[in-house]
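1. Dropping the sequence and predicted coords here.
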2 protein chains.
Amino acid sequence: MSPEPFPNLDRVIHEKARLAIVSALSATPSLTFTDLRNLLGMTDGNLTSHLRILQEAGLVALTKSAGEARPQTTCALTESGRTAFTHYLGHLEQIVSQFRKSSSAP
Amino acid sequence: MSPEPFPNLDRVIHEKARLAIVSALSATPSLTFTDLRNLLGMTDGNLTSHLRILQEAGLVALTKSAGEARPQTTCALTESGRTAFTHYLGHLEQIVSQFRKSSSAP
């Protein structure tokens, strides 16, 4: 019904836990599920549900390694995930520069 | 249970609709509820519920004008709301500068 404020701010990335996941993955080609979970201090269930949302949005690719005693899931940003994160950072930058001037100094 | 990623990123402000409200109020001493609603294109119910959360967090003050035919609610950032928004912008800036380098160019 209502036009969304900040339409450019990708809602999938903006959520705090997903922002942490995408930020972590942006700095590396890929991370295992376990490394990502330990890095962010998230529970398995919480990380799984956020990764699913990112995967459905096409931002993250999950790969299951087969043929090992303990199969691992590897998480990586897709090309479109990297692009979306770059755009997201650009929009944050705009917000900062737009409102820095008008907000009072600390 | 899990330590929160981006602990400095104020969860109350970070939510997209509330970020829009706080941004709008940061640029002005105060706005009427009606002006704020029209500016952001939000519904009455949506704006009311987000303002309540901001008010409970001490970030926004709501003042009802009495003695008029049609009483108006005026919305303003509190001092602590302005400070919190300034800090929030600082944290966004850190995220941008931290991850700009590691993310690929658009």
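-> Looks like it came in fine. Residues are numbered from 1 along each chain as shown, chains lettered A, B, ... in the order given.

2. how about the helices in chain A?
-> Along chain A, counting by DSSP state H, helices occupy A:11-14, A:16-26, A:33-40, A:44-56, A:79-102.

3. who's in contact with stretch A:63-74?
-> Outside stretch A:63-74, the residues within contact range by CB atoms under 8 Å, 6 or more residues apart in numbering or on different chains are A:30-34, A:62, A:76. C-beta: built from backbone N, CA, C; applies to glycine.

4. Out of these, which sit inside strands?
-> Among these, the ones falling in strands (DSSP state E) are A:31-32, A:62, A:76.

5. Adding pLDDT, neighbour count and distance to chain B, write the residues you listed out as CSV.
-> Listed next are these as CSV, based on pLDDT from 0 to 100; neighbours: other CB atoms under 10 Å in any protein chain shown; distance: CB to the nearest CB, whole Å:
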residue, pLDDT, neighbour count, distance to chain B
A:Leu31, 96, 20, 13
A:Thr32, 95, 13, 17
A:Leu62, 97, 15, 19
A:Ala76, 97, 15, 13
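
6. still on that earlier bit, need the max-distance pair from the contacts of stretch A:63-74.
-> The distance between the two most remote of these (CB to CB) is 14.5 Å, for A:Thr34 and A:Ala76.

7. Quick check, pLDDT for the residue most central in space within chain A.
-> The centroid of chain A falls nearest to A:Val22 when counting by CA atoms, centre = their mean (2.5 Å). Listed pLDDT for A:Val22 reads 96.
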